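> Only the shape, not the letters, is given here:
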């Protein structure tokens, strides 16, 4: 799965949910060291997390961005989707 574009986190951390088949494998999540600006987005932080099914109730396929960021870039975000 490849994501591209950019997003601006709002008042909630859940930005969107990927449909089944396009999510990380069940029980897995991916933390992405995506490009970000604003807030405490420093080296070693992961401003983007993508949840597979069964990791966090209500977040199956959820793409979650750190709400302190003013901008999170998705260019180059790539992962193996569930099969």
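Looks like it arrived, so ask away. Because the structure is a prediction, the values reported are computed rather than measured. Numbers count the residues shown, from 1 in each chain.
> lowest-confidence helix or strand of this protein?
strand 36-37 (a mean of 66; mean pLDDT, DSSP states H and E).
> what's the next helix or strand after that one in contact with?
Per DSSP states H and E, the first helix or strand lying C-terminal to strand 36-37 is strand 48-51. Where contact means CB atoms under 8 Å, 6 or more residues apart in numbering, the residues beyond strand 48-51 that reach it are 18, 23-24, 29-32, 34, 36, 59-66, 72, 74, 77, 79. No exception for glycine: its C-beta is placed from N, CA and C like everyone else's.
> In PyMOL, how would I select just the buried ones from the residues you listed?
Buried residues among the contacts of strand 48-51 (16 or more other CB atoms under 10 Å), as a PyMOL selection:
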select buried, resi 18+23+24+29+30+32+34+36+59+60+61+62+63+64+65+66+72+74+77+79
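> chain center to stretch 18-38, what's the gap?
4 Å (CA atoms, centre = their mean, to the nearest Å).
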